[in-house]
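Asks: Have a look at this prediction, sequence included:
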Amino acid sequence: MLFNLAGLEWKRPLEEWEPRGKSHSVVFRSLVDHLVVEYPVPRILYRVFFFHPFRGKGRELCGMFAYVAAGGSLYKYMQSGFFPPVITRKMCHIFTLAPESASFVRSIRYAQAAALGASLQLAKALALSWFGRWFKNDESFWVTVIKWLVENPGIKVEQIDPLVDYIEDMKFRNRNFSMKGRTARSVIRGMNAWHGELARSKDFRGVVFKPSGFNGQTWEHKSKGNKGESSFWTIREILTARELAAEGRAMKHCVVTYAGCIKQGNTSIWSLRQGGMRQLTVQVKHKRKQLVQARGKCNRVPINAEKRILKNWAAQNGLKINVWHF
């Protein structure tokens, strides 16, 4: 944060700053306001100071903040060429209403979807999916994807993540791939076939992953029915690529695409089972210590009993849950 702030032109001496507020974010905002702000800046723009200055467009985003703080037009700056996403005036306006605590990129995605007519539920799902992690190549194409999703309201929000993965792979394979003329049924059918192809096409023999260091767990869970029947739940880490492929085949999703990230030590995949039967596939991001995905068969979202189990396990391992449907 301070490194990014130090790279901007200061309008006032640091020695004259009088800290305001109690929380770290409020105190930091008062510092930014004192040093560089001459005109009101939307709260969401203060998030740019959290970007790494040498990755992505961290420096340019801080430059955007300085431009707006000096009285410049946010919309014009976004149209200047450095900013990848397609942004209309309406999208820009919705974006400026996002709270400071929101994610910068996710707020852009939410604004794009909302301005194109997405329901509140769809706009939130798009923003919180992998689509909201960072900007993509060929942003004009991805606007057509958002429009297509808006025009196909029958698609369940839990299908957004796997659909984005599938569409991204299709675009990578074929630069001319487009959403024009595609029905929801045909795209979902293609996605399901793609999942099967992934699980079959990879050679997983002999590949072993390094353990993450987090612990598996076993629970005895009693149902609320009259009989009070109990069942055993287990969560265990998937440590071979062969197991990963088996999980993907059984659960009919694209978990096998994470093999590279697992091998690099960035993430780990876990299988939650009840009585030995697969119920959920879970992804953990190591650096952030976050549980970021939990999906059942065909990418269904977890039911309440499964959520309770995962919350218990996450707490035992010091993990935060960052999943939109929890």
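Replies: Okay, I see it.

Asks: What are the contacting residues of stretch 37-47?
Replies: 11, 25, 28-29, 32, 64-65, 68-71, 74, 95-100, 102-104, 107 (C-beta atoms under 8 Å, 6 or more residues apart in numbering). For the C-beta atoms, the positions are set from N, CA and C on the backbone; glycine is no exception.

Asks: Poorly predicted segments of the stretch 101-250 of the chain, please.
Replies: For the stretch 101-250 of the chain, residues meeting the criterion pLDDT under 70 lie at 198-206, 221-230.

Asks: For it, which segments are assigned as helices?
Replies: Counting by DSSP state H, counting those that start in this stretch, the stretch 101-250 of the chain forms helices over residues 104-115, 120-128, 139-151, 160-173, 184-201, 241-251, given from the N-terminal end onward.

Asks: hey, which of the ones you listed is tucked in deepest?
Replies: Mean neighbour counts were compared across the helices of the stretch 101-250 of the chain using mean count of other C-beta atoms under 10 Å; the top stretch is helix 104-115, at a mean of 23.

Asks: What segments of this structure are strands?
Replies: For the chain, the strands defined by DSSP state E occupy 217-222, 230-237, 267-274, 277-285, 290-295, 320-321.

Asks: could the ones you listed be laid out in a markdown table, adding distance to residue 178 and mean neighbour count?
Replies: Formatted as a markdown table, those follow (distance: least, C-beta to C-beta, whole Å; neighbours: other C-beta atoms under 10 Å):
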| stretch | distance to residue 178 | mean neighbour count |
| --- | --- | --- |
| strand 217-222 | 46 | 12 |
| strand 230-237 | 39 | 16 |
| strand 267-274 | 31 | 21 |
| strand 277-285 | 30 | 20 |
| strand 290-295 | 27 | 21 |
| strand 320-321 | 36 | 14 |
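
Asks: Can you lay out those strands as a markdown table showing distance to residue 253?
Replies: As requested, the strands of the chain are arranged in a markdown table below (distance: least, C-beta to C-beta, whole Å):
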| stretch | distance to residue 253 |
| --- | --- |
| strand 217-222 | 23 |
| strand 230-237 | 17 |
| strand 267-274 | 11 |
| strand 277-285 | 7 |
| strand 290-295 | 6 |
| strand 320-321 | 19 |
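
Asks: Out of those, flag the one nearest residue 85.
Replies: Comparing the strands of the chain against residue 85 with C-beta to C-beta, the closest turns out to be strand 290-295 (22.3 Å).

Asks: what's next to the closest one, contact-wise?
Replies: Contacts of strand 290-295 from elsewhere in the structure, counted by C-beta under 8 Å, 6+ apart, are 158, 161, 251, 253, 272, 280-285, 301-302, 306, 310, 314, 319-323, 326.

Asks: Next, the angle from that strand to helix 160-173.
Replies: Inter-element angle recorded for strand 290-295 and helix 160-173: 90 degrees (by axes from the mean of the first three to the mean of the last three C-alpha atoms, to 10 degrees).

Asks: Paired strands for strand 290-295, with orientation please.
Replies: Strand 290-295 has the following sheet partners, assigned by DSSP bridges: strand 277-285 (antiparallel), strand 320-321 (parallel).

Asks: Would you single out the least confident of these?
Replies: Within those, the stretch with the lowest mean pLDDT is strand 320-321, showing a mean of 90.

Asks: What residues does the spatially most central residue of the chain make contact with?
Replies: The centroid of the chain falls nearest to residue 130 when counting by C-alpha atoms, centre = their mean (3.8 Å). Under the criterion of C-beta under 8 Å, 6+ apart, the contact list for residue 130 reads 161, 164-165.
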